[in-house]
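Q: only the shape, not the letters, is given here:
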């Protein structure tokens with residue numbers, strides 16, 4: 001499995017889990033996130049061509065946060081904090 005395939009597979013499982021735990025069906029999540037039921041179906045089935053904007057809308061409704069990590073993240077945060085203090 002490629003890393004991008006694993007990413008979308010993990011994303012679909014996370015969204016399905018949170019949607020079901022929230023007691024929402026696809027139609028309800030569609031209404032709350034202002035995206036089509038087809039988009040939700042596509043994400044839940046690992047489709048890779050879904051617009052990031054739509055993914056973010058769904059994540060927001062389900063209260064799922066994205067956390068960026070990298071070996072350089074601490075250096076980035078230091079730079080960001082330094083710039084904010086200036």
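A: The structure has been received and is ready for your questions. Model, not experiment: these values are computed from the prediction.

Q: which helix or which strand is home to residue 6?
A: Assigned by DSSP states H and E, residue 6 belongs to helix 3-21.

Q: and residue 56, by the same measure?
A: According to DSSP H and E, residue 56 maps onto helix 52-61.

Q: now that helix: buried residues?
A: Within helix 52-61, the residues scored as buried using 16 or more other CB atoms under 10 Å are 54-55, 57-59, 61. Bear in mind the C-beta positions are built from the backbone N, C-alpha and C, glycine included.

Q: kindly calculate the angle that it makes with helix 3-21.
A: In terms of direction (axes from the mean of the first three to the mean of the last three CA atoms, to 10 degrees), helix 52-61 departs from helix 3-21 by 40 degrees.

Q: helices and strands around helix 52-61, which ones?
A: Packing partners of helix 52-61 (3 or more CB pairs under 8 Å, 6 or more residues apart in numbering; DSSP states H and E): helix 3-21, helix 26-33, helix 37-44.

Q: same thing but at 6 Å, please
A: If contacts are counted by 3 or more CB pairs under 6 Å, 6 or more residues apart in numbering; DSSP states H and E, helix 52-61 sits against helix 26-33.

Q: how about the helix it packs on: buried residues?
A: So, applying 16+ other CB under 10 Å, buried residues of helix 26-33: 26, 29-30, 33.
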